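*Asks:* Pasting the sequence and the predicted model now:
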Amino acid sequence: MSDLAWIFISALLVNNFTLYYFLGLCPFFGVSSKVSVAVRLGLATIFVMIITSLAATFLTTFVLPHAPYLKLISFIIVIASTVQFVEMVIKKLSPTLFRAMGIFLPLITTNCAILFLALTQTSKEYTLVQGLVFALGAGGGFTIALALMAGLREEGELSKVPNIVKGTALNMIIAGLLSLAFMGFAGLFSA
Amino acid sequence: MKEVELTCSATAKEPSALRLVLTLGIAGLISGFILVFVYQYTAPIIAANKAKALREAVFKVVPNSAYLQELHYKDGELVRVADESGGEKVQPGEILYGAYGPDSGFMGYAIVGSGNGFQDTIRLLYGYDPVQRAVLGMHILDSKETPGLGDKIYKDADFVSQFSPVLVDPSVELVKGGRKADNQIDAITGATISSDAVVKIINNAHQKWDDKTKGAPPKFVPPPPPKEKEKDGNE
Amino acid sequence: MSATKSYSEEFLKGIWKENPVFIQVLGMCPMLAVTNTAVNAIAMGVATAFVLLGSSILVSLLRKVIAKPVRISTYIVIIATFVTVADYSIEAFSPALHRELGAFIALIVVNCLILGRQEAYSSKNTVGFAIVDASGMAIGFAFALFCLGATREILGFGTFFGSPIFGEHFEPWVIMALPPGGFLMLGFILLFFNWLEQRKKGAAV
């Protein structure tokens, strides 16, 4: 039990995928100008992560023992098709929801956080349940980072910033400070 | 340049399903060919590297040892994993290593333990002598502790050398300001949590293996076509 | 893409004018995660260069075979193949380096730089130009990684390629070797490029 709590907290805060491992930076800088959008993208990512985690457990149990060299290719194909599949299902079931987050779904394929999740889960030999908790924590952590970043950038819009700093340079420095703040979580739940 | 435009317009014309399958098929074929070739070539080297790293780590935490064999606990005693007749696969977490001297005499066990450190999971290997009831040495296999502070658990020779030996009864204990008893470890200044994690990991692993390692250790059996491999281990 | 394009021009653009990191801000995940020492940065740069060059050549060779609707999947399969090759080779020949870089070698697959070059360049150009473009981009990328890695190593550990460069009393600025240092350092470097850009504009006026 405490093991699951550790996996969750570790992925959510201490080893935050975005602020500690630099994963998913493309959406992190690209789609973080508004909080509402950021949260929706985060939720979609959590969803894809959970499905990927299930698929990765399935693959490592049944396919990879026979062909270890297919690991990377099979993972990336699974992720790409999961995203496509999720897109189709949402389109069919709830057109409203699809319109709300449809355009972000394809973006998730190129999110390195998802591939990293699948690889880490495999190398740490997580069980099905551990994998799911890990996916939930990692996705949650990504959402938190994205929402925080978006909030800060919304504020930043209103303040006077010298021209030279505007754009990616400023976002990078904000991310650095956020990452610094998240380092305070290290040692939480340790040993 | 002209040629480029031509190919673009040619492919833009609704390619048939056969064409699509063909494209992916060719890509898959090339990729499969390359992968199998590279895998065939590198897999033995990677396996040898891993075995070598393991041997080096085991021989480091059990001083003066020269041979090792994988053991696991089954039906009340430790048996060689190699004796497991087919089918049944031993979980990696249930394996410990028996380390033997150059004369094949038993020197101690090497046990893998893992637990939560300051930043992420720490995995370590420690040597254990069931007769002296002492840890013989400690080696960190994997950790992401803070550079300059937590990473002293493996970079600080003074800290690491405290583990060779340290007694496990009643338990390994973390203290500050110098060790006073044979079961104490002096914490690293500025990295108390990391030091504490190392001690706790050893205590937990010891609890798990204590009863199982009380019996007589299994004899060293050189593997059937042994000579070459053993020579490597002796280096 | 005019008829007058020369090899040297195509090569140089990747290194400076269209530098993948400093100008296009692509491929940031691997670039920040493993650049806390100069050695890691170079290793990552070389691995990425290998994958980029390999897939560019193959994509360019196959550019008439690949059907458009499935081109992205084909590129991904090709890229993933080369990444697996790089991953296995590094693990076989330098286990220590492999441990250091960890999962980030595998993550080269999702480096947008590589897929971007296939889509934008290799699929439309002859093998010769594809090689030149890929080498330029790869060198530009490796150069950027090296700048970041070297700066972070010097500040964070007080060493350069593992050998100390400051005196005994240098207290390493540890945070530079940690993740926040990566973000901050890249932020400052981008700031420097903005400044250069602005100065150039000012001079033009």
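*Replies:* It's in.
*Asks:* make it CA atoms for all contacts and neighbour counts henceforth
*Replies:* Fine.
*Asks:* Now the residue of chain B at minimum distance from chain A: closest residue in space, sequence neighbours ignored.
*Replies:* Nearest residue of chain B to chain A, counting by CA to the nearest CA: residue B:118, 4.3 Å away. Leaving out its chain neighbours, the residue that sits closest to residue B:118 by CA to CA, 6 or more residues apart in numbering or on different chains is residue A:187, at 4.3 Å.
*Asks:* Can you spell out which helices and strands pack onto the longest helix that chain C contains?
*Replies:* For chain C, the longest helix by residue count, based on DSSP state H, is helix C:127-157. Judged by 3 or more CA pairs under 8 Å, 6 or more residues apart in numbering or on different chains; DSSP states H and E, helix C:127-157 is in contact with helix C:7-15, helix C:38-61, strand C:159-160, helix C:179-204.
*Asks:* that older thread, pLDDT wise, what is the residue of chain B closest to chain A at?
*Replies:* In the prediction, the pLDDT value recorded for residue B:118 is 84.
*Asks:* show me the contacts for it.
*Replies:* Residues near residue B:118 by CA atoms under 8 Å, 6 or more residues apart in numbering or on different chains: A:186-188, A:190-191, B:145-146, B:150, B:193-194, B:197.
*Asks:* Out of these, show me where the pLDDT dips lowest.
*Replies:* residue A:191 (46).
*Asks:* What is the neighbour count of residue B:211?
*Replies:* For residue B:211, the count of nearby residues is 12 (other CA atoms under 10 Å in any protein chain shown).
*Asks:* For chain C, name the helix or strand with the lowest mean pLDDT.
*Replies:* Sorting the helices and strands of chain C by mean pLDDT, DSSP states H and E puts helix C:28-33 at the bottom, at a mean of 74.
*Asks:* For that helix, give me every contacting residue.
*Replies:* For helix C:28-33, the external contacting residues (CA under 8 Å, 6+ apart) are A:21-26, A:112, C:21, C:41, C:44, C:104, C:107-108, C:111, C:145, C:179, C:182-183.
*Asks:* do the same with stretch A:33-46
*Replies:* A:31-32, A:101, A:104-105, A:108, A:135-136, A:138-140, A:142-144, A:146-148, A:150-151, A:153-154.
*Asks:* quick one: which of the residues you listed sit in helices?
*Replies:* A:101, A:105, A:108, A:135-136, A:138-140, A:142-144, A:146-148, A:150-151, A:153-154.
*Asks:* tally of neighbours for the residue in chain C positioned nearest to chain B?
*Replies:* Among all residues of chain C, residue C:92 sits closest to chain B, at 4.7 Å; criterion: CA to the nearest CA. Neighbourhood size, residue C:92 [other CA under 10 Å]: 20.
*Asks:* buried set for the helix or strand where it lies?
*Replies:* Residue C:92 is part of helix C:71-93, with elements assigned from DSSP states H and E. For helix C:71-93, burial by neighbour count (16 or more other CA atoms under 10 Å in any protein chain shown) applies to C:71, C:73-92.
*Asks:* and the longest strand anywhere in chain B, which strands flank it?
*Replies:* Criterion DSSP state E: the longest strand present in chain B is strand B:106-116. Sheet pairing for strand B:106-116, assigned by DSSP bridges, gives strand B:95-100 (antiparallel), strand B:121-129 (antiparallel).
*Asks:* Tell me how far the longest one lies from the chain's centre.
*Replies:* Yep, that's strand B:121-129 we're talking about. Offset of strand B:121-129 from its chain centre (CA atoms, centre = their mean, to the nearest Å): 9 Å.
*Asks:* C-terminal to that strand, which secondary structure element comes first?
*Replies:* strand B:134-142.
*Asks:* which other helices and strands contact that next one?
*Replies:* Taking 3+ CA pairs under 8 Å, 6+ apart as the contact cut, strand B:134-142 packs with helix B:17-61, strand B:121-129, helix B:152-155, helix B:157-161, strand B:166-167.
*Asks:* For chain A, see how far away the spatially most central residue of chain C is.
*Replies:* Centroid check for chain C by CA atoms, centre = their mean gives residue C:141 as the closest residue, at 3.0 Å. Using CA to the nearest CA, to the nearest Å, we find residue C:141 at a distance of 17 Å from chain A.
*Asks:* If anything else comes up later, I'll come back, but that's it for now.
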